[in-house]
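Peer 1: Provided below are the primary sequence and the corresponding predicted coordinates.
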Amino acid sequence: MLPAIVADELSKCFFLRHNRAGELKVRFLGLFHKHKREQIEEFWALRGVSTAIGHGEAVGVVGRNGSGKSTFLKLIAGLHRPTSGRLLVSRGARIGTMIELGVGFHGELTGRENVFLNASIQGLSNADTEALYPHIVAYSGLEHFMDVPLKNYSSGMHMRLGFAIAANLDPDMLLLDEIFAVGDAEFQQQCMRTMTECRQRGKTILFVSHSAEAVRKICSRVLVLEHGQLLFDGGVTEGLDFYASLLAGSDHALEAAGLRC
Ligand SMILES: Nc1ncnc2c1ncn2[C@@H]1O[C@H](COP(=O)(O)OP(=O)(O)OP(=O)(O)O)[C@@H](O)[C@H]1O
Ligand SMILES: [Mg+2]
């Protein structure tokens, strides 16, 4: 199977600023107290992640809060640049993303304008978007809200519009992050059907979720991230078991990953 995504020692470092020196008071205190001075800390959200994901694979990405899942997806989507390592994504692949509420959207623009904005970012012409527009609106179920600014949407409505765009732009790859977090049951079932269809049509899916049940239904492989490191890459049942034992604080899981002896 040809790889759609190859990560080679992929790492991402953010800089965390403590005691931001913007305020005059903080700057003044910093003159006398070292611990009050602005400090910039390196924070490695992803560290040395190496994996290859084949075309048509559906891969679940699981891990605790802050383990680097969204950062991984954002790197693949091109929203962040790697600090080190290499990341190769199929040339010309159309990527449908629903990573975080707000990413790729503009609150002051209406639902309709956001559809056109997203489609143009994906390289679609206005004519192509006009043709797809009724499908996107029908899929989202937001017919009466397309002329409302996005800032007035609820989180669930926002998610519906984002997923409707991602799913209907005929992507080669879907990057989905916690899409069930705010959607109602009906929307969740609709997403599930779409993802199953995408799998059958050979699309590549990366699916971040805290729901083991959803990962089991959609994915054929699981990646487990912990503190930005890839601790497990393999079958769904083994991966979810590994993650469950990690959450339970099992030394066995860490030993298996070579982190404890
Ligand atoms: N732009 C940023 N600047 C600084 N730190 C960041 C930035 N983005 C992410 N981080 C940090 O990187 C770490 C990983 O974040 P990430 O969003 O990838 O976690 P996650 O696994 O998606 O967590 P969750 O399950 O809560 O969504 C977190 O500690 C986060 O605070
Ligand atoms: Mg996240």
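Peer 2: That came through, no problem. Ligands and ions are numbered 1, 2, ... in the order given.

Peer 1: list the contacts for residue 219?
Peer 2: By CB atoms under 8 Å, 6 or more residues apart in numbering, the contact list for residue 219 reads 58-60, 205, 207, 236. C-betas here are computed from N, CA, C, even on glycine.

Peer 1: Make sure residue 5 is indeed in a strand.
Peer 2: Yes. Applying DSSP: H, G, I helix; E, B strand; the rest coil, one finds residue 5 inside a strand.

Peer 1: now it, nearest residue through space, not along the chain?
Peer 2: In space, and not counting its chain neighbours, residue 5 is closest to residue 53: 4.3 Å by CB to CB, 6 or more residues apart in numbering.

Peer 1: On the three-state scheme, the one you found is what?
Peer 2: With three-state DSSP as the basis, residue 53 sits in strand.

Peer 1: Just give me the neighbour total for it.
Peer 2: 24 (other CB atoms under 10 Å).

Peer 1: and what of residue 81?
Peer 2: Residue 81 has 9 nearby residues by other CB under 10 Å.

Peer 1: Now do it against residue 49, distance only.
Peer 2: According to CB to CB, to the nearest Å, residue 81 stands 15 Å off from residue 49.

Peer 1: Ligand 1 contacts on the stretch 1-150 of the chain?
Peer 2: Contacts of the stretch 1-150 of the chain with ligand 1, taken as CB under 6 Å from any ligand atom, map to 14, 16, 43, 45, 63, 65-71.

Peer 1: Please, a PyMOL command that selects the buried ones among the residues you listed?
Peer 2: In PyMOL, this line selects whichever of those come out buried by 16 or more other CB atoms under 10 Å:
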select buried, resi 45+63+67+68+69+70+71
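
Peer 1: Just the residues of the stretch 1-150 of the chain next to ligand 1: which are in strands?
Peer 2: 14, 16, 43, 45, 63 (DSSP state E).

Peer 1: what's the lowest-pLDDT member of those residues?
Peer 2: Among those, residue 16 carries the lowest pLDDT, at 81.

Peer 1: pretty sure that one is touching residue 45, no?
Peer 2: No. Residue 16 lies out of contact with residue 45 (CB atoms under 8 Å); the separation is 10.3 Å.

Peer 1: quick one: stretch 11-30 to chain centroid distance?
Peer 2: Averaging C-alpha positions (CA atoms, centre = their mean, to the nearest Å) puts stretch 11-30 28 Å from its chain's average.

Peer 1: burial count for residue 85?
Peer 2: 17.

Peer 1: give the contact list for it.
Peer 2: Contacts of residue 85 (CB under 8 Å, 6+ apart): 7-11, 48-50.

Peer 1: one more time with 7 Å, if that's ok
Peer 2: Applying CB atoms under 7 Å, 6 or more residues apart in numbering to residue 85 gives the contacts 7-11, 48.

Peer 1: quick one: buried residues of the helix or strand that contains it?
Peer 2: Using DSSP states H and E, residue 85 sits within strand 84-89. Residues 85, 87, 89 are the ones in strand 84-89 that count as buried (16+ other CB under 10 Å).

Peer 1: quick one: average pLDDT of the helix or strand just after that strand?
Peer 2: Beyond strand 84-89 in the direction of the C-terminus, DSSP H and E gives the next helix or strand as strand 95-98. In this model, strand 95-98 has an average pLDDT of 86.

Peer 1: after strand 95-98, next one along is what?
Peer 2: That would be, after strand 95-98 and using DSSP H and E, helix 111-121.

Peer 1: Just the CA coordinates for that following helix, please, in CSV.
Peer 2: Only the C-alpha atoms of helix 111-121 are listed here, as CSV (Å, rounded to 0.1, in the frame of the first residue of the first chain):
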residue,chain,number,x,y,z
GLY,A,111,-22.1,30.4,7.2
ARG,A,112,-22.4,30.7,3.4
GLU,A,113,-19.3,33.0,3.2
ASN,A,114,-17.4,30.5,5.3
VAL,A,115,-18.3,27.7,3.0
PHE,A,116,-16.9,29.6,0.0
LEU,A,117,-13.8,30.6,2.1
ASN,A,118,-13.1,27.0,3.0
ALA,A,119,-13.7,25.7,-0.5
SER,A,120,-11.4,28.3,-2.0
ILE,A,121,-8.6,27.3,0.5
